[in-house]
Structure formats: C-alpha cells, structure tokens
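# Below are the sequence and a predicted model for it; my questions follow.
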Number of protein chains: 2
Amino acid sequence: MLMRKKQKKQRNPSSPYERKISMYSKQIVKNCANASFIRKMFEKGLELAKQYGPENVYDFSIGNPFAEPPVDLRERMKELVDQPGVHRYMPNAGFPDVREKVAAFYSERSEKPIPASHIVMTTGAAGALNVLFKAILNPGERIVTFAPYFVEYGFYAQNVGAHLDTVETESTDFLPNIEGLRQAIQPDTRILLLNSPNNPTGRIYSRQDLEAVAGVLREKSAEFGQPIFLVSDEPYATITYDGHQVPNVLDLYEHAIVVNSFSKSLGLAGERIGYIAVGADVPEVNTLMDALIFCNRTLGFNNAPALAQKVVAEYLDVLPDVADYQAKRDLLYKELTALGFEMNLPEGAFYFFMKVPANFESSVDFANYVADKHQILVVPGSGFGCEGYVRLSYCVKMEVVERSLKAWQALAAELGLKK
Amino acid sequence: MLMRKKQKKQRNPSSPYERKISMYSKQIVKNCANASFIRKMFEKGLELAKQYGPENVYDFSIGNPFAEPPVDLRERMKELVDQPGVHRYMPNAGFPDVREKVAAFYSERSEKPIPASHIVMTTGAAGALNVLFKAILNPGERIVTFAPYFVEYGFYAQNVGAHLDTVETESTDFLPNIEGLRQAIQPDTRILLLNSPNNPTGRIYSRQDLEAVAGVLREKSAEFGQPIFLVSDEPYATITYDGHQVPNVLDLYEHAIVVNSFSKSLGLAGERIGYIAVGADVPEVNTLMDALIFCNRTLGFNNAPALAQKVVAEYLDVLPDVADYQAKRDLLYKELTALGFEMNLPEGAFYFFMKVPANFESSVDFANYVADKHQILVVPGSGFGCEGYVRLSYCVKMEVVERSLKAWQALAAELGLKK
C-alpha cells in the first residue's frame, strides 16, 4: 500500500503537468484510441509489403480510385490554371456560374427544377455533411441511418453534439427496414441519412424503397410537428451496374437534400470537391441556404477549392470506367462464391460486404487472420456497425484481383468452405 | 386583445409546422441574423457599382489578393496536374514529401528543428484553427486573444463549445497588453491566440513583445498545472514592410503552434491551402498529432487539397509583391493623415485600422455614411471587437487608391477635419 502511494505521486515523465486524462480534448483522444484498429490495419499492410513484397499483398481495404481523372478534364484543368481570378476567394457558396451548372444538371433530371441558389459547393461530401448537420441540428437532436453505415457518420454527428441512431437492416439483402425506421424515429429526430449506392454493401435503394421511406418520414413529420429531412449521400451515384440507377430523391420527398462529391466519379478524391443540392420544396429554404453558407465559411472550409469547382462544373455528366469495375466485380463474385464465401452481388459502388465464415468469432478476428496468414487486407464490418461481415474494396488493379485468387483458394480450403 | 390572439394562432404560411424559433439550428440562424451587416455592406457595394459605375466605387472592404499566383508557380501546377496519383487520397495529414518540405522550411529557421511528423497540411488557416481547437479544447474551456481580432475567431471557438475572451490593447498602438493578458487567463484557459501581422491593425508583435507574452503564459501554466498553448495565426507573415520580420514563436515558447496559409502570400485564397506546425517541445506531442490528424479527417476536410499541397511545397519561400502593397500603403498613409484622418503606419498585412472621426457615434454609422455619400467601402471596427475604428484594405489596384483620393478629400472637407 505504501509503495503504491509513492508511485502515484510520481509524475508522468513526458509532461510536467498534473492532469486527469489528457491535456488535449478528452473526446478526441478517446476517439483516436478507438480508431486504432484501422490504423493497425494500415500499418499491417505496410509491414506485410516489406515482409512479402508488395506484389504478394492483396489490399482490398481502401476505396481510393487509382484511375487518373479523364485526360480531357486534366487538359481543361491546365487551361483553367491561367484563367484570371480563378484562384481568388469567391462567394462562400461557390462561383455563381458553377452553382448555375450544378442546378441545371439537377433541373434537367427533376420534375421540379431547382435554382442555383439551392446549391452550395463544398469540400467533398464529408465537408457537405458537416455543413448540413451544423446548419440543421441543435445539440442533442438525432440523426437516424440504416446499418451498415459509413463509419465517419458517427463522428460527424458527434461534431455537432447530435446522436446517431441506427436501424438494423435485413442481413441477407440490406434493404431499408421500414418498420424499424418507423420505430427509430423520435420526437427530436431531424434527419434520415441515406447512402446509396451504399458503402459498404453496394446496395442501391430503389424508387419503391425510397417511396416507402418517404411515407414513414411524412407520417412522423406530421406526428411530431416538424419536418424530418432526408439527406441522401451519393458519392457513388455514377458507379452502377446492370442498368441500375440511383433515383432522384429530390422528386420523391419534399424535404430531401442531396450531398455529392467527385472523389469516386472523376478520380478527384484528394482535391476535395462536392456539393449540397436542396430540394425545391424544402420549407424556409432561404433561412436554410443562409445557414449552409454561413457554416461552409465558419467551420473553416471558407469555400470549396476554386480550381476544382471550375473544372467539375464542366464534367458533371461524365461517367467513370464502370466496365472496369464491373469486370472485377464479376470475376471476384464468381470466384469467391464458388469457393463457398457468401456475399450479395453489388448494384453500385465498388465494395462487397462478405459474410465472415463460421470459423471465426468476429470480423476483427477474421480480418487479422486473412492478413497474417494470406496477406489479404479487408475491413471488419464492426467498423460499419455490422458485426459478422467484412468489407472488400475492388477499387484495385485487375492484376491484384487475379493474383489474389490463389490466396482466396488456399483460405477456402483451410476453412473447409468448399461445398 | 382578441384580435391579437387570433393572429397568433395563424400559422406561418411558408411552413406547415409549428416551431419555436426556426426549424434549423437556432444558434446558426441567430448568427446569420447578426452577420447581416457585412452582407448589407457587400450588397451595398453591388448596388453602388450599378448606380455610379464600378469605376466610381472605392472598395476598401475586402482582403482578397487580386494578383495572380506567380507565373512559374502556375506553370508548375500545370505539370503537376498530370503527375500520376496526385489527385488521389493521401494520408489525412498530407503528402509525406510535402510535410517534409514544410518541416525543413521551419527547421532551417529555428533553433530546434521539427520533424515532418509535426506538420499537418490543412484547408487554409481557417481549417487549421478549427482542427486545432477541436483537438485541444474540451467544451467550456477558454481561448484568449487580443482585441481587435479577426471576426471569425468567435465562431471557431463556438464550433467546439469554447469561450473566446478578449484582452483590450492600447488603442494608440495595439501592442500586447501584458497585464491585461495576465488577468484574462483563467484556470480553464488553454490557448492564447495571436495574429501577427494582425488583421485588422497591421501590427507585427516584436520578439520582445512575444517574450513578455511567453513569460505570462509560463507563469500561468505553472499556476494552473497545465500548459497554455500559444497559437500563432500567420497568413500575412510574408507581407511585411521596412525590414520588419515576424519572429519565430516556435523558438520563443515551448508550447507554441504556428498556423499558416498561402492565401495571401501566393494569391491562392480560393484554393484553401495551409498548415499547422507544432513546436519541438510540445508535451505528449504524439497524442496531439494523432488528435490533429483525426480532426482534420472527421471535421470533413479529410485532407488539404492535393494539387495545392504539391505546388505550395515548392514555393515555401517565395514572397508576394510587397513593394506594390508598400506603394499603396505609403500613398494612402501620406494623403489620409495629411487630410486629418488618424491611423498607425502598418508594419505588415494590407490593412489600416483608421480612427472614426469624432463626428460619428459609431463605426457602423461612419461606414454607412462614407458608402452612401462617397462610395467608399470600409468595414466597421465593431466587427473586430473594437468600436471607434474602421478597417481599410489596400489590397486593391493602385488606380482605385488614386481615384479614391478626391473622395477622401471631399469627405475630410465635409467633416471639417483639416487641421
């Protein structure tokens, strides 16, 4: 006892100050500690590459498009570099001509046109969601989303002191659970956050699904006396297969807002360019737009990057090389399901959400095992609010897919999966 | 009475919902309403340009460098557009080679070198400050700054639930008020925020000033048992006159952090590129860096714009055309003080903080008067936490300065200023 007391009095040699948990934000330091698995995964990838050579590591963990932006987009970008005034501050919502072009893009595809004043250019979809949440939510209010969901949503909610509630979806198809949604909505739920095509499941919500969702939102908006906003996060909207299309939510629900980015569609992930498009019938829309523009400025974005704004405005309807993604999807799906792995065929995006084989207790165990034993990197489903699955990104070169097949075969044999 | 009751029951026709203040964030809607004067100023500028012609409006309200980025920087930018992988996601802290170059830049100018791991690339200085505040501050903790101060600081503090306390400075010179600082620091004050060269005063804090400030911070850090960080916001660091230089705070105080941007120095304001540099001796620095990188990601920035990162890394010690700013400073100072207007000679940045003539009750009254009567646009000091002054930006073309002189003369005559 005496010894322990003595030890307690010793100060942490790395800091001359007494303190409770940390001298930095307690919440953020805690978040960093919790986020350490993803970092370990990343570090494991680097280690494995050193140990086995990068050609013997199969990294399906990352959604970072490796294709360069289209050649003509890059040529245009070079021209724009010299356009007078292009690198200066513009209004915080973005260049007026860029907002016009995005509004026109939506208006051509909508029953109800929206004006340029309903568009705010943002630093990617991540910036857009942070701006939206800050503009709409009071601390303590609630966002609801379907699980599995993009892991960052929880942090974005936390940034504004809001709660993220999740609705479990049917594990065989991950389609909207309508009754679950009805029960999850509380009097202070202000936003339903949808992600379609979905990261991690690759699911696209159909027009019918969305109409059912809108029905519940209308019912609950009326019951609680305030609109519930449908925020549709659509960075994968142009990556769809087999004729599937992402329905325009601005037509389907009167309180809908779309968030988008050009990270995946144009290979501009690092350039941080996206936008918010607000539906024609959103109530008190001028107040909302003022609030969005104010938050775009004061959260520290100031404005979306200038050169990127100008160039994407001219490439709004350019599609990525979907055939290339589709070839990888088809090959991996055929080979892996034949080996006995269980997964749905994605309708969009570039992810499989694969069931963890029964041999493992958790998605983390499985992810660690396949990394250590077979140099296959995947992300545990627990990070997406859905245990029992792992995410596989096929946003990789075809040679990685092809080379990985022998590793998947060895894994399946080892686990006794072959049916 | 009866009528009033009836009116109260009528609903707002723009919204079918009952609600208390707004259906959006109450704090943000309130902020938007308060920020409306600056918007009115902006709209007034547009109106005046229509009414009198743009050549008869003298807009000294904005700090938006009109000079294009250097020709060779733009040429290099065009080459980088085609560099493989340059537009992809990179680690959230920035490209490793870019962080190396920024660290080397500081290390060459410091007594204690800092490693690349002490640098985080950010979307401008505004993004940097939001990331820093989120990483360091717990809700309810305090930031202190000298008034007058950049108006956005208050909103950045509010974003993390922190309080911004201000220390009045001596109104004739705006130098740090050391005794005021000592009294303003409370047990939960975690950051002193400095802006040098200062917006709006143009003041550069000398080495002596900063040593006195550091002395108070050391004294109070020891008294309250936790470090108080000195955050130095330096976007104008390369715009200095008459041999003045901005001292390196990383050498002067053991808990110093520098925030910078290339908006003013390289004419890249719209491209949103800056960084955070953390001093060599900051305690538990790995925890802080993890927290900064986590916040850079989860606040929605993800990373600083990729192409801009690459190009500024090669132009770290390029200076803007200071002689051009200096010519405008010297001409305006000579002419305006000769007319009887009172102002200090700025040591850096491109602003005068001019005393409001005794004829006016407030800085807003004066700003409105000079806009309406003489088409001169300035920003009221009340926005910078310092009533009795207006800010004049000389980040304008020389012809605007020259054309404005007759308007200033007429104004001085009207106010009976000539001594």
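All right, it came through fine.
# Please name the nearest non-neighbouring residue to the residue of the stretch 301-419 of chain A found nearest chain B.
The minimum distance from the stretch 301-419 of chain A to chain B, using C-beta to the nearest C-beta, falls at A:A306 (3.1 Å). C-beta here means a position set from N, CA and C on the backbone, and glycine is covered the same way. Once flanking residues are discounted, A:A306 sits nearest to B:G270: 3.1 Å by C-beta to C-beta, 6 or more residues apart in numbering or on different chains.
# What is the burial count for the residue of the stretch 301-419 of chain A closest to chain B?
A:A306 sits with 28 neighbouring residues when counted by other C-beta atoms under 10 Å in any protein chain shown.
# Quick one: classify A:H244 as helix, strand or coil.
coil (DSSP: H, G, I helix; E, B strand; the rest coil).
# Then A:I276?
Three-state call for A:I276 (three-state DSSP): strand.
# That one is in contact with A:L250, isn't it?
No: here A:I276 does not reach A:L250: they are 11.7 Å apart, not a contact under C-beta atoms under 8 Å.
# part of a helix, is the residue nearest to A:A306?
Yes: the assignment for B:G270 by three-state DSSP puts it in a helix.
# List the contacts of it.
Counting by C-beta atoms under 8 Å, 6 or more residues apart in numbering or on different chains, B:G270 makes contact with A:86-90, A:303, A:305-307.
# State the distance from it to A:R99.
To A:R99, B:G270 is 14 Å away according to C-beta to C-beta, to the nearest Å.
# care to break chain A down by domain?
Domain ranges of chain A: A:30-68+A:321-415, A:90-313, per the TED database.
# looking at those domains, which is closest to B:T169?
domain A:90-313 (24.4 Å; C-beta to C-beta).
# mean confidence score for that closest one?
Mean per-residue pLDDT for domain A:90-313: 96.
# ends of that domain, how far apart?
15 Å (C-alpha to C-alpha, to the nearest Å).
# Off-centre distance for it?
Once both centres are worked out by C-alpha atoms, centre = their mean, to the nearest Å, domain A:90-313 turns out to sit 11 Å from its chain's centre.
# What about A:K44, how many residues nearby?
Around A:K44 there are 18 residues (other C-beta under 10 Å).
# residues contacting it?
Per C-beta under 8 Å, 6+ apart, neighbours of A:K44: A:371, A:377.
# same thing but 6 Å
A:A371 (C-beta atoms under 6 Å, 6 or more residues apart in numbering or on different chains).
# before we move on, which element is it in?
Following DSSP states H and E, one finds A:K44 within helix A:36-52.
# Would you mind listing the buried residues in that helix?
With burial defined by 16 or more other C-beta atoms under 10 Å in any protein chain shown, the residues of helix A:36-52 counted as buried are A:41, A:44-45, A:48.
# same deal with stretch A:268-275?
Neighbour count says stretch A:268-275 has A:268-275 buried, by 16+ other C-beta under 10 Å.
# Just flag the most distant two among these.
Between any two of the buried residues of stretch A:268-275 (C-beta to C-beta), the greatest distance is 17.3 Å, for A:G270 and A:Y275.
# Only the buried residues of stretch A:232-245, if you could.
A:232-241.
# what does stretch A:53-64 give?
Quick answer for stretch A:53-64 (16+ other C-beta under 10 Å): A:57-64.
# before we move on, the earlier item: now the helix holding A:K44, how far from the centre of its chain.
22 Å.
# that older thread, most packed of the domains of chain A?
Comparing those by mean neighbour count (mean count of other C-beta atoms under 10 Å in any protein chain shown), domain A:90-313 comes out on top with a mean of 21.
# Return the distance of the spatially most central residue of chain A relative to chain B.
In chain A, the centroid-proximal residue (C-alpha atoms, centre = their mean) is A:F150; its distance is 4.8 Å. Noted for A:F150: a distance of 12 Å to chain B, by C-beta to the nearest C-beta, to the nearest Å.
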